[in-house]
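**Q** Any chance you could fold what I've pasted below:
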Amino acid sequence: TILGGTAKLSMITRRNLFFQDLLKKNDELIDAGKKPMFAKSNDEALLVFGDDYQQIRIDQAKTLSVAAKGGSINPLNELYTTPGMAKALEGTSLAFDKAGMLGQLYQSLILYPKGLSQIAKTILSPVTHVRNFVSAGAFATANGIIPNADAIRTAYQALQTPLKGTRQQNDLYEELLKLGVVNSNVRLGDLTRLLEDVNFGETMTSDKGLRLLLKPLSKLKSVSQDLYTAEDDFWKIASWAMEKTRLEKAFANNGVTRGMTVKRNGVDIVVDDQFFKQEAADIVKNNIPNYDYVSDFVKSLRKLPIGNFVSFPAEIVRTGTNIVRRGLREINEEFVTPDGKTIKPFENIGYTRLFGFGATVAAVPYATQKAFQAIYDVTDEEREAIRRYVAQWSKNSTLLPIKNKDGSFQYVDFSHANAYDTLLRPVQTII
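**A** Here you go, the predicted structure:
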């Protein structure tokens, strides 16, 4: 997909910049007549390193090659260096050996079906698309943000989708991609990596007839995946725009204009446009779920036969904690202006953020439940009676009860659409 390709290119760019720097340094050593870090052939390595050398084998599965069959490989692969250097470089890559028979059986019988089921219940499900868009809106309100018309327009125009009116601010999207704000959907990240683990789309379509049969489905998956990512990006871009705006207003209200230098924790910083962009990006990256910040251990759990999208609840816990920490920091953080005056420009933002988080996580679910009870005349005893008969996975959910005219009951599992249910459910379980 367009966004999938963008993410892969971003990863390759960051990796290759590092590798190119190493090659540049290697050339400088050669020009200076010193011992190089790398050799291009076995004979050259023997002359440079003696018997103590090893061939670098990075990304043998070519998970980071855009066009592996066309020869697009990383610049250090298959060069020669010392064993320690080779192991260090391989350890930072995605290299792995071809799976054995047991590994192939596990991929075919467990991971393939798991990947297919996750595709069906996420990017190919219209209901899930609606839920994804609505629940992602909670990330903005949890930070005390209700996007205005300008932020909404900017977010929509920057999206990378086939929809009319999008792709009008490609430069902004590229900048936000570099800042790490967009293209970091957590559920989609888990799914994409799982499909990469089993080489989905390559091994499944190796037969020409099967490839032609699945081609229409591949196009549908591509469009659906772009839309799924855009639903998440929309709120992240809107949140970034709002954070940037209120940071600017906070400083302006305290007499700090653009270009001025203030002290933050004893360090001089220039309050310019780049400062506001970076500060807003840091808030969004740390306060809204971001797949780039999921630990390798949690990411690896996707390969287990049980459990779906394990990275998402991990990110909810991380970002939920960060929202509270950020709010408290904003309330207490002090800046010193050029005239020696001490100000707390972000104090109001901090209180707004904490209020928004409390309302989103606790108040809204409770108020919605009580509203349904009032509308349908359902008592607390009747609601708890319903809980005894619901599906096992809804036992500790926030239930919205509905009483029919004949006296029978139905319910809506509000927790299913509540992004912060991971924080609320343990409390409800104990109560």
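**Q** what stretches of the stretch 251-400 of the chain score poorly on pLDDT?
**A** Under the criterion pLDDT under 70, no range of the stretch 251-400 of the chain is flagged.
**Q** quick one, helices of it?
**A** Assigned by DSSP state H, counting those that start in this stretch, the stretch 251-400 of the chain shows helices spanning 273-287, 296-300, 311-332, 347-358, 364-376, 380-387.
**Q** okay, those helices in a markdown table with mean neighbour count and distance to residue 37 next?
**A** No exception for glycine: its C-beta is placed from N, CA and C like everyone else's. Converted to a markdown table, the helices of the stretch 251-400 of the chain look like this (neighbours: other C-beta atoms under 10 Å; distance: least, C-beta to C-beta, whole Å):
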| stretch | mean neighbour count | distance to residue 37 |
| --- | --- | --- |
| helix 273-287 | 19 | 33 |
| helix 296-300 | 12 | 27 |
| helix 311-332 | 18 | 36 |
| helix 347-358 | 18 | 48 |
| helix 364-376 | 15 | 57 |
| helix 380-387 | 14 | 65 |
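**Q** Any chance of a markdown table for those helices, columns distance to residue 136?
**A** Shown next, in a markdown table, are these (distance: least, C-beta to C-beta, whole Å):
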| stretch | distance to residue 136 |
| --- | --- |
| helix 273-287 | 12 |
| helix 296-300 | 20 |
| helix 311-332 | 11 |
| helix 347-358 | 15 |
| helix 364-376 | 15 |
| helix 380-387 | 28 |
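**Q** Residue 80 is nearest to which of those?
**A** Nearest to residue 80 among the helices of the stretch 251-400 of the chain is helix 296-300 (28.4 Å), distances taken as C-beta to C-beta.
**Q** Who are the packing partners of the closest one?
**A** helix 311-332 (3 or more C-beta pairs under 8 Å, 6 or more residues apart in numbering; DSSP states H and E).
**Q** now the helix it packs on against helix 273-287, angle please.
**A** 130 degrees (axes from the mean of the first three to the mean of the last three C-alpha atoms, to 10 degrees).
**Q** Dump the C-alpha coordinates for helix 311-332 into CSV.
**A** Taking Å, rounded to 0.1, in the frame of the first residue of the first chain, the C-alpha atoms of helix 311-332 are listed here in CSV:
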residue,chain,number,x,y,z
SER,A,311,0.8,-4.0,21.4
PHE,A,312,-2.4,-1.9,21.8
PRO,A,313,-3.1,-2.5,25.5
ALA,A,314,0.6,-2.1,26.2
GLU,A,315,0.5,1.3,24.5
ILE,A,316,-2.7,2.3,26.3
VAL,A,317,-1.0,1.7,29.6
ARG,A,318,2.2,3.6,28.5
THR,A,319,0.3,6.6,27.0
GLY,A,320,-2.2,6.8,29.8
THR,A,321,0.6,7.1,32.3
ASN,A,322,2.3,9.6,30.1
ILE,A,323,-0.8,11.8,29.9
VAL,A,324,-0.9,12.1,33.7
ARG,A,325,2.8,12.7,34.0
ARG,A,326,2.7,15.3,31.2
GLY,A,327,-0.3,17.1,32.8
LEU,A,328,1.5,17.3,36.2
ARG,A,329,4.7,18.5,34.6
GLU,A,330,2.9,21.2,32.7
ILE,A,331,1.2,22.4,35.9
ASN,A,332,4.5,22.8,37.7
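**Q** now the strands: where do they sit in this structure?
**A** 54-55, 80-81, 261-264, 267-270, 335-336, 342-343, 399-403, 409-413 (DSSP state E).
**Q** tell me the most buried of those?
**A** strand 80-81 (a mean of 22; mean count of other C-beta atoms under 10 Å).
**Q** Could you list every helix and strand that that one packs against?
**A** Judged by 3+ C-beta pairs under 8 Å, 6+ apart, the packing partners of strand 80-81 are helix 42-49, strand 54-55.
**Q** Now tell me what touches the first one from outside.
**A** Counting by C-beta atoms under 8 Å, 6 or more residues apart in numbering, the neighbours of helix 42-49 from elsewhere in the structure are 35, 36, 39, 53, 55, 80, 81, 82.
**Q** pLDDT on that helix, on average?
**A** Average pLDDT, helix 42-49: 84.
**Q** And for the shortest one?
**A** The predicted model assigns strand 54-55 a mean pLDDT of 86.
**Q** Other residues contacting that strand?
**A** 42, 78, 79, 80, 81, 82, 83, 86, 87.
**Q** what sits against the closest residue to residue 176 other than its chain neighbours?
**A** Distances taken as C-beta to C-beta, 6 or more residues apart in numbering put residue 182 closest to residue 176, at 4.8 Å, once the chain neighbours are dropped. Residues near residue 182 by C-beta under 8 Å, 6+ apart: 173, 176, 233, 236, 237.
**Q** Can I get the helices and strands packed on strand 80-81 in TSV including distance to residue 146?
**A** Below are these laid out as TSV (distance: least, C-beta to C-beta, whole Å):
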stretch	distance to residue 146
helix 42-49	62
strand 54-55	57
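**Q** Of those, give the one that comes closest to residue 298.
**A** Short answer: strand 54-55, nearest of the helices and strands packed on strand 80-81 by C-beta to C-beta, at 31.7 Å.
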